[in-house]
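> Structure for this input, please:
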Amino acid sequence: MHLSELKAAGRHPSLPLSLTLADAAGGADLQLLSLLRVLPGQRYVGAGIWRGIPVLAKLLVGSNAARQFQRELQGVKLLAEQGLTTPKLLADGLVEGEGGWLLFEFLDGAQSLADAWAGVEQLPALADEQQAVLGEALTAVAHMHRQGLWQEDLHLDNLLRHGGKLYLIDGAGIKAETPGQQLSRPRVLENLGVFFAQLPKRLEPFIEELLVHYLLANAEHALPLEALQKQVDKVRAWRQKDYLEKAGRECSLFSVQRSLAGLRAVVRSEAQAMLPVLEQADALIDRGHLYKTGGAASVARIEVNGRPLVLKRYNIKNTAHWFKRFWRPSRAWHSWIEGHRLRFLDIATPRPLAVLEQRVMGLRSTAYLVTEYIDGPDLSACFAPHVETGQAPEEQVQALVQLMQRLIAERISHGDFKGHNLFWQGSQWSLIDLDAMTQHATQLSFAPAYARDRARLLRNWPSSSALYQRLDQLLPTLTA
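Here you go, the predicted structure:
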């Protein structure tokens, strides 16, 4: 296969395949064995064999191939010239009408810091194991800044552990002010803002502690926390907006199809499992364990290949109801977006896996939402034995206070904050039924919505009960 043919190969070209890279690669074909990252019709990154040795291949095709090739090559050279640890570039080339390629030494058994972080992320905030991963990353970033470089797309996947060293990869994101000279303070703050904005929100109180790892390797600039926090907030807001937009379009994270007959969105890594669920949704609900049926919604716990899931169908009750619903996004779609919003913000909720809006000539009808199933008692059940004494478990009470503080910080109102919509999961409350959830643009609109949520929560118990009195004292209040 010629390199240019990859442009039409889509997301899943048949492997293994042999690619002719023209004379610039020494006349040797590349045997591509696996793919690690794919941007269909533009970029293919994978492992292969070239001249009998294993390589990591970056293959660039399409109309932007030349520009992307030059960016990648320039970044790789900047890293190497400044003595930073990066995989050795073995061959590169660009042929007009074909595309470009860069072949790197293959770091067999390398582990990205993203994978290392995934193994410790669920530990208590800033456990030693977490600090080790993040400290390693910040030290590498400090060395890069000391040499006048920064990684525009700074994330843990671009740092690889191998043979006792930490390798910087992804040359396309490497930028420079003055190579060999310390990066300016504004640029340092901006780049560190990108780094910290990608960490779970619960780690924000520990930014100062984590920053010590950076300063031990590069103490050229004073880095005021207030200025850094502003950068973190700015980047986090942009990343949230970008992520939620991706949840509604075709990309590496989500598979999305839109037509006059419907809208379907699936977490891409779950597509194989979820598509059959959407195809037989009604039958699965009928066979499942029904929590709610009829009316505006039907909810069932289903089991697919031994995996429990929750499937919710948003019904159209009658013609009048259809006239109310057809012109606006379905409640399934709203729940899909709000579920991903909460997940992005590190607020517990069952993971949304797939959503389907059925349409007739583009007009919305019945809709479906599939989420992970979480096993645990709801808040009403947990607190039921303690209504008169008020002695609900301290861990659960404090977790409820912390949840509401998080919702205040993000200006999020739930809209139906009753006890049956909060489930105890591990050591935190997980929110469900996100049909009416809203993230408010202003405090003025959020304050009354939060007050309604708080009042709705307390109405789960008699106002004269000891539990009501205790929670009314502890739960945060807010005024406009």
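
> which regions of the stretch 351-480 of the chain lie under the pLDDT threshold?
Scanning the stretch 351-480 of the chain for pLDDT under 70 picks out 360-364, 479-480.

> can you list the domain ranges for the chain.
As recorded under automatic domain parsing, the domains making up the chain are 3-105, 123-246, 254-372, 379-474.

> mind checking the end-to-end distance for the third one?
The distance separating the two terminal residues of domain 254-372, taken as CA to CA, to the nearest Å, comes to 16 Å.

> Including distance to residue 116 and mean neighbour count, could the domains of the chain go into TSV?
C-betas here are computed from N, CA, C, even on glycine. Below are the domains of the chain laid out as TSV (distance: least, CB to CB, whole Å; neighbours: other CB atoms under 10 Å):
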stretch	distance to residue 116	mean neighbour count
domain 3-105	17	17
domain 123-246	5	17
domain 254-372	19	17
domain 379-474	22	17
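
> Of those, which is nearest residue 113?
Each of the domains of the chain has some distance to residue 113 by CB to CB; the shortest is domain 123-246, at 4.1 Å.

> Comparing the domains of the chain by mean pLDDT, which bottoms out?
Sorting the domains of the chain by mean pLDDT places domain 254-372 lowest, at a mean of 87.

> so how far is that one off the chain centroid?
Taking CA atoms, centre = their mean, to the nearest Å, one finds domain 254-372 lying 20 Å from the centre of the chain it belongs to.

> How about stretch 380-387?
Counting by CA atoms, centre = their mean, stretch 380-387 comes out at 34 Å from the chain centroid.

> circling back to that earlier point, with respect to residue 111, which of the domains of the chain lies nearest?
domain 123-246 (4.8 Å).

> so how far does that closest one reach from one end to the other?
Using CA to CA, the two ends of domain 123-246 sit 28 Å apart.

> Beta-bridge partners for the residue nearest to residue 278 when sequence neighbours are not counted, please?
Spatially, and ignoring its direct neighbours in sequence, residue 278 is nearest to residue 356 (4.8 Å; CB to CB, 6 or more residues apart in numbering). Residue 356 has these beta-bridge partners by DSSP bridges: residue 264, residue 368.

> Contacts only, for residue 356.
Residue 356 makes contact with 262, 263, 264, 278, 281, 332, 367, 368 under the criterion CB atoms under 8 Å, 6 or more residues apart in numbering.

> rewinding a little: okay if I get the domains of the chain as a markdown table plus distance to residue 114?
Shown next, in a markdown table, are the domains of the chain (distance: least, CB to CB, whole Å):
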| stretch | distance to residue 114 |
| --- | --- |
| domain 3-105 | 12 |
| domain 123-246 | 4 |
| domain 254-372 | 15 |
| domain 379-474 | 23 |
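
> Show me where this structure has its helices.
65-81, 113-118, 128-146, 185-197, 207-217, 225-246, 271-279, 281-287, 319-325, 331-344, 379-383, 394-410, 443-458, 466-474 (DSSP state H).

> of the contacts of residue 356, closest to residue 249?
residue 263 (11.0 Å).

> Give me the distance between the closest one and residue 250.
12 Å (CB to CB, to the nearest Å).

> Are there residues contacting both of these two? Which ones?
In contact with both residue 263 and residue 250: 256, 257, using CB under 8 Å, 6+ apart.

> List the residues that contact the residue nearest the centre of the chain.
Centroid-nearest residue in the chain: residue 344, 5.6 Å away (criterion: CA atoms, centre = their mean). By CB under 8 Å, 6+ apart, the residues touching residue 344 are 239, 240, 243, 244.

> Save those as TSV, and put in distance to residue 71 too.
Formatted as TSV, those follow (distance: CB to CB, whole Å):
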residue	distance to residue 71
239	22
240	26
243	24
244	27
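
> All good on my end, thank you.
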